[in-house]
Each structure stands twice: as structure tokens, then as C-alpha cells.
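okay, structure incoming, though there's no sequence with it:
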């Protein structure tokens, strides 16, 4: 058996109580083999079915009750017993025939004994591989576990399960147990079901077994582990708590993004007679001189260049090695902090797991003591990591304690990478609470919205969570594998319709929507849907269409200190500066950009300069209207971006500027439109109350005249 090759035996219950879910079991088992054909084409798989007396085959033929037709396994011939257990396929390398066999499972007519089937599967693995390759042998049991198992000749059923579990550990076997429980299974004998659940839990506690309960076809699709990924350590070495205290640890990757398989180009240029042809492309690059395009530059005459502005700076490999930071390999503790200080959004990249060095009792005790102490005090550890010697980058991360619930599994830590200052992106969004009362929802609207959210809850009280992350597969990948399997048989095969099971993941639950139609209708009636003209007209056009000084203008543009709708800031144009033709549109485009936090500050400062220019270069007040529009736009932007001090200080400077330049007419023009500072009710960071803002209108503001 090759180093990375896995041997799997599928142990499938095909009894009468499983007939309704067998189509879904066929899908998930065939998917397991399809993935192995892509990722692990040398893996070997066998199939055992139990509950096989009087089985009905996929072609509709009914087998008789002859023992040879419903019992077919080596143990029956050797020692007797183990009836109604059939080896449908011996352990062999995965191929297309195996996929077809799993897509056409027979249907049994009696209830089977899952413990007999497990023992037959173990016997197959032992005879095939012997004592070698521990950890590469796996049983996959799929059953509803609602039928009783036979009493042993000696001892109890628990003793028998303990013996089987001990043999599994001795031979390095693992088992995935998927218990499929649909609504109809809850009408069976509860005592039998509870006893079987207890026996399966013994397997979980006494061996390397994993038990999962599923209730739907969607959960079943993600319950069976279809890919076996060999764990590889990221780091082995000391976890340094201080210069005098170090713990031997191993670090593994806990989670990883599942990606599409690598698709390589296929060449049909190879001769048909060449059986060793790989049909793969090989790409070679040639570097030619710009002075002489016909001359190829050899590797020893080439040097890497890095752009620095408009220039290209050449840096040789020797210079690069000289300036490269080369930290020492190791993991060091920096300190501890409250767990509440580490937000979930701070965690970057994949999750790793820290475990004590296997077999090192002192390390296991030390890791367990530290993990439990952190758990009790609700703390986490901040550490500095360099996984390999000479690694170019240093990682700062957080260790979260993971207290084990099983006696045979020691405590450990989860590790998440934390961002540096350069990794943090501060996106500033205005708060809905800053909108005027007219735009706030009333009590009836709030209640309707609350009911809608509660109706869409995937984990309601008293019910199993729908679409559990651990049991929900990626529908895009699943559909890709199914289409690939069809294409392997017929390259011209059309893309099949979306599978009903995958449709439940990608589309709203029709049953849930029909049951909650009253809630949806109530929500629809609570809100009036109307066209927003701001999406069609720029704010500058809206301002010009309204009569200057009107009450409508004051309500819309913030003359009474109220904020406007933030949707007006949506812009497809990425403005770099505020121009002369459309300053308000440019300002809104700049302040709405989220590719850098500097655009908000830059937009505000640019608009301030534009307003000063308009006021100073005015001829008999011809630009006052435009300056007012810009000032109102600036006020609105400062409210939405929570920058009240910027506007309030500028308003004071603007009034002082008008006095120094003998432009009191503009101050009076602002006073007539009642432009006032931003109050605390409009922006929480403002230091001016609503009452003060009403009395600090420009014409009556002695404090602002003194400057700030």
C-alpha cells in the first residue's frame, strides 16, 4: 500500500427503513469515489451492504431467499454467522465501474445488524492490508440505527462493542458513522434507538471514530468525509513562554479553503501510437534585448527590476539576500489579553491547531494546564511565530484554548493570524441613527422587520439548525464534480439540471416561505415602495430645481440641520479632485470612495478650498449661490462621515475670513438661509448640543467670530 493511499470500506444499510434515503446515499457515496478519481486515483474502496435478505436489484429483479443470494462474506464461510451481510465489491482501486455500482444499490427486505457489518468490514481491511499503514484504513458506516442488534454468545453488547473498538485501535482503523434519522424514524421503539446510540458512542469514546446525526438529504451530502487529507505539520519545536520555560509542540493546519482541481491544458498533437505520451504542455520563456530583438539574453545576464514610481530599480539576488530579514525559527509568547479584545473579524487566513508533542507526557500536561487556565480566566495568548528557518515573514497570532471533551484526546489551542497595522482597512460608514426622524422606522415597521428576520432564522429555538456549516457542502464544487463525471463518459454530454438537494442550498426554502406568507405580506404593506429621484439626478440639479430659500430646500439640503439620505453619495465615477464645473458631484464621488480612508479627509479639505475660492472671487455675489450649495454639501458629508468638528471649525473660519476680506454680504447671505453648526443629535462626536446649534447661526455667533 502506497504511503498516501487510503483503503475505505463503505458499510451501507439497505434495509426497508432506509429505502427512502437510499437515493441520497447513492449520490454521496458515488461523489466520494468521483473525488477520489480526481485527487487520489490510487485509493482503494470496497462496498458492504447489510439487510440483504430477498434483495431487489436495480434492474427490478427480485432475488430468492437462498442464503447465497443475501449473505456473501468471508466470515460466514469461515466461522459462520454474520448473515444478511453482503460484500457487494471487494477492496479495489477506484474506477468508473465502482461509481456505477454505487449509483444502483440494491434494496433489502429485512433489518440488518450494523455490528456484524462493521466486523465484516474490519475483516476485509485486515486481510487486505495486514498490520501496515495504520491510520490509512477507514470504515464508513451509513445507517439509521433503529433496528436491534443480536445478543452475543458471551457477555453484553457493550462488551462486544468494546472488543471491536479495541481491535480497531490495534490495527489503526478509523470509522465515520453517519446516522440518518428522518421524521418517520422517530416512531420506532425508543429503547432500541437509545441502546444503539449508546453503542455507537462507545465506538467514539474507545476508538478513532466520528459519529454524525443527520435529518435531511442536504446534511447527508456533507456528512460523509469524501476527501482524506493527510495532516502535515507546519511547525515542530519549542513554544517559548520564557527563557527558562519551553513546551514541545506540533502545529497542524485545522481548516483550509477547498479549491477547484487544477485544470491543465491537454494536447492532442502526440502520435496516437505513443502510449507514454502525457499530452501536457510545457511552457518555456525567452528574454530578448530591447536594443536587439533577435538576441536572447541568457540567465546570467538578467537581473530583477522593481518599480519605484516611474523608475525601475534593478536589484541583484545577492543584494536582495543581503537586505532580506531572516528571523530565527521559533514560537514565542508575547503576552495575554482578554478574549473579548480579539474580535472575530481580526482573524486572518486559515486556522491552525497547536498540540503537545505526541507521547511527551510533560508537554501534554503543560499545554493542558495553560489551556485550562486561559479558559477559566477568559484570556487568550498573543504569540510571535516563525515556522521555518530563514522564513521571510513573521506571523503574529492569537492562541484560543480548546478544551477536549474526550478522555483520550488531550487539550490543545486554536491559532489564528492577527493583522498588522498595514493589513487593517478602516471603512467608515454613517450610522442610521443619525438620519432625521422622518427617515426612522415607526413601531409598526420595526415590529414587521423583526418578525421577518426571526422568520428567516436558520436556527430557531427547539429545531435543528438548517444548513449547518459542518454538514453543508459547497454547491458549486458538488455540481462541478457531477458534471465532470458525466463528461468523462460522454464529452458531448449537456450540463444536467441542478440537483434537487443542491437546489435546497442555493435557493430559498419554498416550504418556509409558504408557511410565513403572512409575515412577508405584513412587511410588504408596512413600507411604501417608490422611485428615488436621486438615482437619476445629481444633487446639484436637485438644488437648482428648488427655489432658493424655500422651506422645501431647507428640509432637503440640511438648512435646519437634518441629514439627507446617504444613497445620494453613490457614484460610479472615481473623482480625484474637485473641479470647477461640478464641484458637488466631484465631492460626493470622492467622499464615497472606499479604496482608501484618505479620500474622506482629502474631499473635505478640497471642498473647503473650493468654498473659499468661490467667496473670495465673487463679483457682486454672483457665486454666493454656488458657494452655499457647496457648503450645504460639505455639511451633509461631514454628518454622514461623522466629522462634525471639521465643519463646525470651518464655519467659524469662513465667517472670520468674510470679516477680514470685507465680505459681510456673504455672512448675511448664509444667515438668511439659517446655516448652523452640526449638533450632537446629528453627529455623536459633535460638542455642540441641539439647543446651542439653534442659537449659533452665523449672524448671531460671536464665539465663531473669535476663531477656533
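Nice, I can see it. Since the structure is predicted, the reported quantities are computational estimates derived from the model, not experimental observations. Numbering: from 1, shown residues only.

where does the prediction get shaky in the protein?
1-4, 54-70, 135, 184-187, 226-228, 532-575, 594, 695-708 (pLDDT under 70).

buried residues in stretch 670-682?
Neighbour-count burial for stretch 670-682, counted by 16 or more other CB atoms under 10 Å, picks out 670, 671, 673, 675, 676, 677, 678, 679, 680, 681, 682. The C-beta positions use only the backbone N, C-alpha and C, and glycine is treated the same way.

what do you get for stretch 202-216?
202-204, 206-209, 211-216.

mind checking which of those are in helices?
Using DSSP state H, the members of the buried residues of stretch 202-216 that fall within helices are 202, 203, 204, 206.

who are the contact partners of the first one?
What that stands for is residue 202. Residues near residue 202 by CB atoms under 8 Å, 6 or more residues apart in numbering: 158, 161, 162, 165.

same question for the third one.
By CB under 8 Å, 6+ apart, the contact list for residue 204 reads 177, 210, 211, 406.

please apply the same query to the last one.
For residue 206, the contacting residues are 161, 162, 165, 166, 169, 408, taking CB under 8 Å, 6+ apart as the criterion.

same thing but 7 Å
Residue 206 sits next to 162, 165, 166 when contact means CB atoms under 7 Å, 6 or more residues apart in numbering.

near the closest residue in space to residue 265 that isn't next to it in sequence, how many other residues are there?
Closest residue to residue 265 apart from its sequence neighbours, by CB to CB, 6 or more residues apart in numbering: residue 281 at 4.8 Å. Around residue 281 there are 10 other residues, counting by other CB atoms under 10 Å.

surely residue 281 is in contact with residue 266?
No: the criterion here is CB atoms under 7 Å, and residue 281 misses it with residue 266 at 8.3 Å.

check which helix or strand covers residue 380.
strand 379-386 (DSSP states H and E).

for residue 406, which three-state class applies?
State at residue 406, reduced to three classes by DSSP: H, G, I helix; E, B strand; the rest coil: coil.

that one: neighbouring residues, count only.
8.

now it: how far from residue 373?
Distance from residue 406 to residue 373, counting by CB to CB, to the nearest Å: 20 Å.

in a helix, residue 110, correct?
No: applying three-state DSSP, one finds residue 110 to be coil, outside a helix.

how close does the closest residue to it other than its chain neighbours sit to residue 145?
Nearest non-adjacent residue to residue 110, counting by CB to CB, 6+ apart: residue 53, 4.4 Å away. Per CB to CB, residue 53 is found 19 Å from residue 145.

thinking again about what came up before, of the contacts of residue 202, buried ones?
Neighbour counting by 16+ other CB under 10 Å classes 161, 162, 165 among the contacts of residue 202 as buried.

looking at those, which are in helices?
The helices, defined by DSSP H, take in 161, 162, 165 from these.

all helices for the stretch 301-450 of the chain, in order.
Using DSSP state H, counting those that start in this stretch, the helices of the stretch 301-450 of the chain run over residues 317-323, 361-377, 443-455.

single out the most deeply packed of the ones you listed.
Of all the helices of the stretch 301-450 of the chain, helix 361-377 carries the top mean neighbour count, a mean of 16, counting by mean count of other CB atoms under 10 Å.

distance from the chain centre to that one, please.
Going by CA atoms, centre = their mean, to the nearest Å, the spacing between the C-alpha centre of helix 361-377 and its chain's C-alpha centre is 30 Å.

please name every helix or strand in contact with it.
Here helix 361-377 touches strand 245-253, strand 348-356, strand 395-402, strand 412-417, going by 3 or more CB pairs under 7 Å, 6 or more residues apart in numbering; DSSP states H and E.

could I get these in CSV, plus columns for mean neighbour count and distance to residue 188?
Shown next, in CSV, are the helices and strands packed on helix 361-377 (neighbours: other CB atoms under 10 Å; distance: least, CB to CB, whole Å):
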stretch, mean neighbour count, distance to residue 188
strand 245-253, 18, 41
strand 348-356, 18, 39
strand 395-402, 20, 36
strand 412-417, 22, 38
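
now tabulate those strands in TSV and tack on distance to residue 380.
As requested, the helices and strands packed on helix 361-377 are exported to TSV (distance: least, CB to CB, whole Å):
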stretch	distance to residue 380
strand 245-253	16
strand 348-356	12
strand 395-402	5
strand 412-417	9
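
need phi/psi at residue 153.
Dihedral pair for residue 153: phi -70, psi -30, per degrees, to the nearest 10.

what's the answer for residue 267, then?
Residue 267 adopts backbone torsions of phi -110, psi 130, taken as degrees, to the nearest 10.

wait, what's in contact with it?
Contacts here follow CB under 7 Å, 6+ apart; on that basis residue 267 touches 279, 280, 281.

related to what we said a few turns ago, of the ones in helices among the buried ones among the contacts of residue 202, closest to residue 512?
residue 161 (39.7 Å; CB to CB).

where along the stretch 501-650 of the chain do the helices fall?
Applying DSSP H, counting those that start in this stretch to the stretch 501-650 of the chain gives helices spanning 510-515, 517-526, 539-545, 551-557, 583-591, 598-616, 624-640, 644-660.

residue 230: which of the ones you listed is closest?
Among these, the nearest to residue 230 by CB to CB is helix 510-515 (40.3 Å).

that closest one: how far from the chain's middle?
Centroid separation for helix 510-515 versus its chain: 27 Å, with CA atoms, centre = their mean.

surely residue 174 touches residue 208?
Yes: taking contacts as CB under 7 Å, residue 174 lies within contact range of residue 208: 4.5 Å.

common neighbours of these two, please.
Residues touching both residue 174 and residue 208 (CB under 7 Å, 6+ apart): none.

was I right about residue 389 contacting residue 329?
Yes: counting by CB under 7 Å, residue 389 touches residue 329, with 4.3 Å between them.

neighbour count winner among those two?
A count of neighbours by other CB under 10 Å puts residue 329 above the other of residue 389 and residue 329, at 14 against 10.

what sits against the more buried one?
Contacts of residue 329 (CB under 7 Å, 6+ apart): 237, 386, 388, 389.

residue 593 reaches residue 600, doesn't it?
No: here residue 593 does not reach residue 600: they are 8.3 Å apart, not a contact under CB under 7 Å.
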